[in-house]
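Chemist: take this sequence and fold it.
(one chain, ligands or ions: 1)
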Amino acid sequence: MEFKSLKFPKEFIFGASTAAYQIEGGAYEDGKGLSIWDTFCKQPGRILNGDTGDEACDFYHRYKDDIKIMKEMGLDSFRFSISWPRVFPEGTGKVNQKGLDFYNSLVDELRAASIEPYLTLNHWDMPQSLQDQGGWLNKDTAKHFADYSRFMCENLSDRVKFWTTHNEPHCVASAGHVAGIFAPGHKDIKEGLQVTHNLNLAHGLAVQAMRQSGSAGNKYGIVLAVFPYYPATASIHDHRAAQRWDGYFSRCFLDPIFKGSYPEDMVEYFGDKFPEVTEQELSVISEPIDMLGINCYFRRIIENDPKNAFIGGREFKPRDAAYTQMDWPIYPECLFEVLSMLDKDYDIPELYIIENGAAFHDEVSPDGKVHDARRTRYLHAHIEQAKRAVEQGINLKGYFVWSFLDNFEWALGYSRRFGIVYVDYPTQKRIVKDSGKWYSELLRYNQSLR
Ligand SMILES: CO[C@H](O)c1c[n+]2c([nH]1)[C@H](O)[C@@H](O)[C@H](O)[C@H]2CO
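Modeler: So this is what the prediction gives:
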């Protein structure tokens, strides 16, 4: 029985993750306002093949049928995000009732299927109207985010227990404001660091706001991408470069949230580009949270690169590794190593793996099935590492695969498939891949032991 080595505690939950802009579609429907990704996709050259999230997986219309698939698979939980401009077309002020109705119905359908909703409030698709007022560079946006978070909590927290503020704020700050490859497409290091701080502030304000209005027993947190960082060689320059990547991409979020201060080495490294930070703001950012969601797909091997003006390093790709279609090295131990580091260095009540998965070239075979054996092997190997962490006493409470559906992969459009369910975009037909069937068997095995 292959699953004996994947036996988890009874309360451990298995789920699948998605995000609004990547699956919903309905981008201009029923009163939804523009998001910065709606705008970004319309800018020539931004997205591969000129793809957009206009229709995506049409989840906005097909969610009831998709939830039937989730139930048949035996998902314990479904992680999704709220499209802020679908509920607040201008980001603040007037509510779009049809947008709120959609999320109320989504949550009702999930609960009726005995699937635990796991919610993220900001998965990058912020309202364009707030971007027009400076977006995350404007500290008022942090307050608007807290008001939006409070509103959603008031309306859904009788049925939604798990609330996370941001998904990967580092991505919004670095890819969106330094590298310029994600919305809003800015390229300014000082701006990116200010956005880093403002996102942390928005997180803290939102947790405080939700705690005041949400139901007792709710769990509040954030989803961060955390990787193990390795130097490409034994040279001190590569070691320092790896430390800088870990310093910015992990600790410039983990430390203010869990320790109430930014890492001194990073404040020193960025010098006058680092934003002004007050003790009062740090007190808000470090508002205690109940859980941390982790996105971890691989390890990052870093070599020194003075030409990288932001962080002074670049990723090294060893030839002896296997790679996914994202050119990410396959290294299952990344999960155990990240969870062990977090358990050692931070005081975190509960940990969840919110995203882990792989893109491979998938095809529908003549038998009408999708035989994605590499994805099954990837999931098996990584879930084994999650089990290893649980056996070491690390307080890991759940694992969510990225993703439930093939979906819009940001600047790469629809060219990458991460789903355990295949989406034939021209027809929107769903096909549960072999990896989805394997994952379902794993869930059923663990449920049989409860
Ligand atoms: C480099 O891995 C990151 O942690 C990461 C990978 N991913 C993510 N973050 C995002 O949260 C998702 O929206 C992406 O679709 C998904 C797949 O690219």
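Chemist: show me the contacts for the residue of the stretch 251-400 of the chain found nearest the ligand.
Modeler: Nearest residue of the stretch 251-400 of the chain to the ligand: Asn295, at 4.0 Å (Cβ to the nearest ligand atom). All C-beta spots, glycine's among them, are computed from the backbone N, C-alpha and C. When contacts are counted by Cβ atoms under 8 Å, 6 or more residues apart in numbering, Asn295 touches Asn167, Glu168, Val223, Leu224, Ala225, Val226, Ile353, Ile354, Glu355, Asn356, Trp402.
Chemist: ok, and which of these reach the ligand?
Modeler: Asn167, Glu168, Ala225, Glu355, Trp402 (Cβ under 6 Å from any ligand atom).
Chemist: roughly how far out does stretch 21-29 sit from the chain middle?
Modeler: Taking Cα atoms, centre = their mean, to the nearest Å, one finds the center of stretch 21-29 at 18 Å from the center of the full chain.
Chemist: quick one: mean pLDDT for it?
Modeler: For stretch 21-29, mean pLDDT is 98.
Chemist: just the CA trace of that stretch, in CSV.
Modeler: What follows is stretch 21-29 as a C-alpha-only set of coordinates in CSV (Å, rounded to 0.1, in the frame of the first residue of the first chain):
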residue,chain,number,x,y,z
TYR,A,21,-7.5,36.4,-11.1
GLN,A,22,-6.1,33.1,-12.2
ILE,A,23,-9.4,31.1,-12.3
GLU,A,24,-12.5,33.3,-12.1
GLY,A,25,-12.8,35.1,-15.4
GLY,A,26,-16.0,37.3,-15.5
ALA,A,27,-13.5,40.1,-15.4
TYR,A,28,-16.0,42.7,-16.7
GLU,A,29,-19.2,41.1,-15.4
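Chemist: circling back: in strands, which of the ones next to the ligand among the contacts of Asn295 appear?
Modeler: Counting by DSSP state E, the part of those found in strands is Asn167, Ala225, Glu355, Trp402.
Chemist: surely the second one and Cys296 touch.
Modeler: Yes: counting by Cβ atoms under 8 Å, a contact exists between Ala225 and Cys296, whose distance comes to 7.1 Å.
Chemist: what's the overlap in contacts for the two?
Modeler: Joint contacts of Ala225 and Cys296 (Cβ under 8 Å, 6+ apart) are Glu355.
Chemist: which of these two has more neighbours?
Modeler: Cys296 (23 against 20; other Cβ atoms under 10 Å).
Chemist: the more buried one reaches Val338, doesn't it?
Modeler: Yes: Cys296 is in contact with Val338 according to Cβ under 8 Å; the separation is 5.0 Å.
Chemist: in contact with the closest residue to Pro231 other than its chain neighbours, which residues?
Modeler: Spatial nearest neighbour of Pro231, excluding adjacent residues (Cβ to Cβ, 6 or more residues apart in numbering): Asp238 at 3.8 Å. Contacts for Asp238 (Cβ under 8 Å, 6+ apart) come out as Pro231, Ala232, Ile302, Glu303, Asn304, Gly313.
Chemist: Asp238 should be in a helix, yeah?
Modeler: Yes: Asp238: assigned to a helix according to DSSP: H, G, I helix; E, B strand; the rest coil.
Chemist: show me the contacts for the closest residue to Ala202 other than its chain neighbours.
Modeler: Using Cβ to Cβ, 6+ apart and skipping residues adjacent in sequence, the residue nearest Ala202 is Ala142, 3.7 Å away. Residues near Ala142 by Cβ under 8 Å, 6+ apart: Trp136, Asn198, Leu199, Leu201, Ala202, Leu205.
Chemist: which bits of this structure sit near the ligand?
Modeler: Ala19, Gln22, Asn167, Glu168, Ala225, Asn295, Tyr297, Glu355, Trp402, Glu409, Phe418.
Chemist: what is the nearest of those to Glu268?
Modeler: Ala225 (23.5 Å; Cβ to Cβ).
Chemist: in contact with the closest one, which residues?
Modeler: Glu168, His170, Cys171, Phe249, Ile294, Asn295, Cys296, Glu355.
Chemist: what's opposite the nearest residue to the first one once chain neighbours are set aside in the beta bridge?
Modeler: The shortest distance from Glu168 to any residue other than its chain neighbours is 4.7 Å, reached at Ala225 (Cβ to Cβ, 6+ apart). For Ala225, the beta-bridge partners under DSSP bridges are Asn295.
Chemist: for Ala225, give me the pLDDT.
Modeler: pLDDT, Ala225: 98.
Chemist: tell me the contacts of the residue nearest to Lys68 when sequence neighbours are not counted?
Modeler: The shortest distance from Lys68 to any non-neighbouring residue, by Cβ to Cβ, 6+ apart, is to Ala113 (7.5 Å). Applying Cβ under 8 Å, 6+ apart to Ala113 gives the contacts Ile67, Lys68, Met70, Lys71.
Chemist: how near is Ala113 to Phe8?
Modeler: Here Ala113 is placed at a distance of 21 Å from Phe8 (Cβ to Cβ, to the nearest Å).
Chemist: kindly report the same for Cys296.
Modeler: 18 Å.
Chemist: do the same with Ser340
Modeler: Ser340 is 18 Å from Phe8, by Cβ to Cβ.
Chemist: those two: which has the busier surroundings?
Modeler: Each of Ser340 and Phe8 has its neighbours counted (other Cβ under 10 Å); Phe8 has more, 24 against 16.
Chemist: doesn't Lys387 make contact with the more buried one?
Modeler: Yes: counting by Cβ under 8 Å, Lys387 is a contact partner of Phe8 at 6.4 Å.
Chemist: give the full set of residues in contact with the residue nearest the centre of the chain.
Modeler: Relative to the mean C-alpha position of the chain, the nearest C-alpha, by Cα atoms, centre = their mean, is the one of Asn167, at 4.2 Å. By Cβ under 8 Å, 6+ apart, the contact set of Asn167 is Ala19, Ser81, Thr120, Asn122, His123, Trp124, Val223, Asn295.
Chemist: identify the residue spatially nearest to it, adjacent ones excluded.
Modeler: Closest residue in space to Asn167, ignoring its immediate chain neighbours: His123 at 4.2 Å, by Cβ to Cβ, 6+ apart.
Chemist: coming back round to it: tell me the one among the ones in strands among the ones next to the ligand among the contacts of Asn295 nearest to the ligand.
Modeler: Within these, proximity to the ligand (Cβ to the nearest ligand atom) peaks at Ala225, which comes in at 3.5 Å.
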